[in-house]
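> Below: sequence and its predicted model.
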Amino acid sequence: MFETSLTWNDVLFLLQGAGTTLAITFWAVLGGTVLGMLFGLVRASAPWWLNLPVGFVLDILRSVPLLIQFVLANSFKSILKLNISAFTVGCVVLALYTAAYCAEIVRGGILAVPPTTRRAARSLGMTYTQDLTNIVFPMALRVALPSWIGLTLGVMKDSALVLWIGIVELLRSSQIIVTRIQEPLFVLSIAGLIYFLMSFPIARLGARLEKRWREND
Amino acid sequence: MIELKDVRKSFGSLEVLKGVTLTVQKGEVLSVIGGSGSGKSTMLMCINGLEPIQGGQILVDGIDVHARGTDLNKLRQRIGIVFQQWNAFPHLTVLENVMLAPRKVLGKSKREAEEIAVRQLTHVGLGEKLKVYPSKLSGGQQQRMAIARALAMQPDYMLFDEVTSALDPQLVGEVLDTLKMLSEEGMTMILVTHEIRFARDVSDRVAFFHKGLIHEIGAPEQVIGNPQKPETIEFLKSVL
């Protein structure tokens, strides 16, 4: 018969960790998407003197391992004696990391909008901004959504790395329990299941939007 | 009135318009014919400021299109243009495609814009397709939608850039019928076209473009019926 020393309190502890994971993911994806749209627009259409430096910074953010970025940012915070929580540091670093990837997704989406379509919009008297908001962004969104969903799911899992700067999220909380009750297989299975339950609705939402758009265009 | 005065336009070192002078009066239908690369389409892009020019002047109702202070967005509201590729906005229904510019650019209310759009779409024979997405339309229907979209801005001038060139042969007729209807309603039109017979039917004047210049211009009976220049005769022989 199966026996375990996992208590309901432990489950609650895991769910708390899951809540932290969700919160970090939420802020990182929100901030990363807003910044990513801005950077993506720069990458797609800004003159070289803006494009080049922005592209360089984004390259750094994408190529330095996330773990190093977390630890470095957290150390700088201590050195500069900034009065911000590790949670905030985690969110900001992850948001910048997300923005770097999101920028490329957005850039690809914008470049997929045919120049002739944009020209048609401008020929109707629309301003540059009206063309962006009414034509380019909605059309780019359809191209970018699958990659953006993938990015969001990736960020949710990458958020586990914040445990290195002392934040107890889902993975860290399961580690703590494993250390105590020594049932790694069982506890990690539960943690994995929780990750899946958090990811699945996002993936489904993406698939549904895609299907609806495909039926139209 | 649209006036071109010695207009020059280059793409890099390639000079496409080499001093085009032309006047189109209100209510006139001008067809522009000529070989590929003769600069016909480029001229249309220059008239509503989608392409800059390197020399000369273009005036629309006295407003210098390429002058520094000219509000091009404002000017383009009065000059409709329809392209060879119909360029539907794929994420919007037919009705929304036509409503968008009146709402955003002219600031019409939703009800007003819808009224205009329904009227224009019915006018071009798409009254049954309001809620449909463009991908479900044939090329001819999409092109008529593009025409309705331009007309919804209630422009004073309409420019047509080879609007039937990308269509299957059996769909050309329905678009030409729409153009003919507009010309009969007194719309001022510049029509870049390869449909020579159609140009002869609807135009007040025909201009033959050759190597970036207007080579011959006049009444259709003259330019198409009895051309004088050897290049015009040569071109017409090759297309008719």
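Thanks, I have it. On a predicted model such as this, the values are computed, not experimentally measured, just so you know. Residues are numbered from 1 along each chain as shown, chains lettered A, B, ... in the order given.
> And chain B, is whichever strand or helix holds A:Thr129 touching that?
A:Thr129 is part of helix A:128-131, with elements assigned from DSSP states H and E. Yes. Contact of helix A:128-131 with chain B (Cβ under 8 Å from any Cβ of the partner chain) involves A:Gln130. C-beta here means a position set from N, CA and C on the backbone, and glycine is covered the same way.
> got the CA coordinates for the strand or helix carrying B:Met43 in CSV?
Per DSSP H and E: B:Met43 is located in helix B:40-47. C-alpha atoms of helix B:40-47 as CSV (Å, rounded to 0.1, in the frame of the first residue of the first chain):
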residue,chain,number,x,y,z
LYS,B,40,3.0,55.3,-65.0
SER,B,41,2.5,53.8,-61.5
THR,B,42,5.3,55.8,-60.0
MET,B,43,3.5,59.0,-61.1
LEU,B,44,0.4,58.0,-59.1
MET,B,45,2.5,57.3,-55.9
CYS,B,46,4.0,60.8,-56.3
ILE,B,47,0.6,62.5,-56.7
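> re earlier: show me the contact partners of the helix or strand following the helix holding A:Thr129.
Using DSSP H and E, the helix or strand that follows helix A:128-131 towards the C-terminus is helix A:137-158. Helix A:137-158 is contacted by residues A:21-22, A:25, A:28-29, A:32-33, A:66, A:94, A:97-98, A:101-102, A:105-106, A:108-110, A:112-113, A:117, A:195, A:198-199, A:202-203, A:205-206, A:209-210, A:213, A:217, B:89-91 when judged by Cβ atoms under 8 Å, 6 or more residues apart in numbering or on different chains.
> sorry, back to before: residues of the helix holding A:Thr129 that come out buried?
Buried residues in helix A:128-131, counting neighbours by 16 or more other Cβ atoms under 10 Å in any protein chain shown, are found at A:130-131.
> helices or strands up against that helix?
helix A:115-123 (3 or more Cβ pairs under 8 Å, 6 or more residues apart in numbering or on different chains; DSSP states H and E).
> Okay, angle between the helix it packs on and helix B:40-47 too, please.
40 degrees (axes from the mean of the first three to the mean of the last three Cα atoms, to 10 degrees).
> and helix A:115-123, how far from the chain's centre?
32 Å (Cα atoms, centre = their mean, to the nearest Å).
> any bit of that helix sitting next to chain B?
Yes. Helix A:115-123 is in contact with chain B by Cβ under 8 Å from any Cβ, via A:116-117, A:119-123.
> Show me how to select, in PyMOL, the buried members of the residues you listed.
The following PyMOL line selects those of those that are buried, judged by 16+ other Cβ under 10 Å:
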select buried, chain A and resi 117+119+120+121+122+123
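> Show me what the helix holding B:Met43 is packed up against.
strand B:2-11, strand B:14-24, strand B:29-34, strand B:55-60, strand B:157-161, strand B:188-192.
> follow-up on the earlier one: out of the contacts of helix A:137-158, which end up buried?
Buried among the contacts of helix A:137-158 by 16+ other Cβ under 10 Å: A:21-22, A:25, A:28-29, A:32-33, A:66, A:94, A:97-98, A:101-102, A:105-106, A:108-110, A:113, A:117, A:195, A:198-199, A:202, A:206, A:213, B:89-91.
> Up against chain A, what does chain B have?
So chain B meets chain A at B:48, B:50, B:73-74, B:76-77, B:80-81, B:83, B:85, B:87, B:89-91, B:100-101, B:104-105, B:133-135, B:146, B:149-150, B:153 (Cβ under 8 Å from any Cβ).
> Could you check how far B:Phe208 is from chain A?
26 Å (Cβ to the nearest Cβ, to the nearest Å).
> mind listing what that residue touches?
Counting by Cβ under 8 Å, 6+ apart, B:Phe208 makes contact with B:33-34, B:214-217, B:223, B:227, B:229, B:231-232, B:235.
> Pull out the buried positions in the top helix by length along chain B.
Under DSSP state H, the helix in chain B containing the largest number of residues is helix B:169-184. Buried residues in helix B:169-184, counting neighbours by 16+ other Cβ under 10 Å, are found at B:171-172, B:174-176, B:178-179, B:182-183.
> Likewise for stretch B:30-37?
B:30-35.
> Report the distance from it to the chain centre.
Counting by Cα atoms, centre = their mean, stretch B:30-37 is centred 12 Å from the centre of its parent chain.
> Which secondary structure state does the closest residue to A:Pro184 other than its chain neighbours sit in?
Take A:Pro184 and drop its neighbours on the chain: the residue closest to it by Cβ to Cβ, 6 or more residues apart in numbering or on different chains is A:Val178, 4.8 Å away. What DSSP: H, G, I helix; E, B strand; the rest coil gives for A:Val178 is helix.
> close enough to count as contact, A:Val178 and A:Leu185?
No. Taking contacts as Cβ atoms under 8 Å, A:Val178 lies outside contact range of A:Leu185: 9.3 Å.
> Show me which of those two is the more surrounded one.
Neighbours per residue, other Cβ atoms under 10 Å in any protein chain shown: of A:Val178 and A:Leu185, the larger number sits with A:Val178, 16 against 8.
> Could you find the closest non-adjacent residue to residue 95?
All of this is about chain A. A:Gly31 (3.4 Å).
> my question was about chain B
B:Leu95 sits nearest to B:Leu130 (Cβ to Cβ, 6+ apart), 4.2 Å away.
> B:Lys104 now?
In this structure, B:Lys104 finds its nearest non-sequential neighbour in A:Gln130, 5.2 Å apart by Cβ to Cβ, 6+ apart.
> wait, that neighbour sits on A:Ala121?
Yes. Counting by Cβ under 8 Å, A:Gln130 does reach A:Ala121; the two are 7.5 Å apart.
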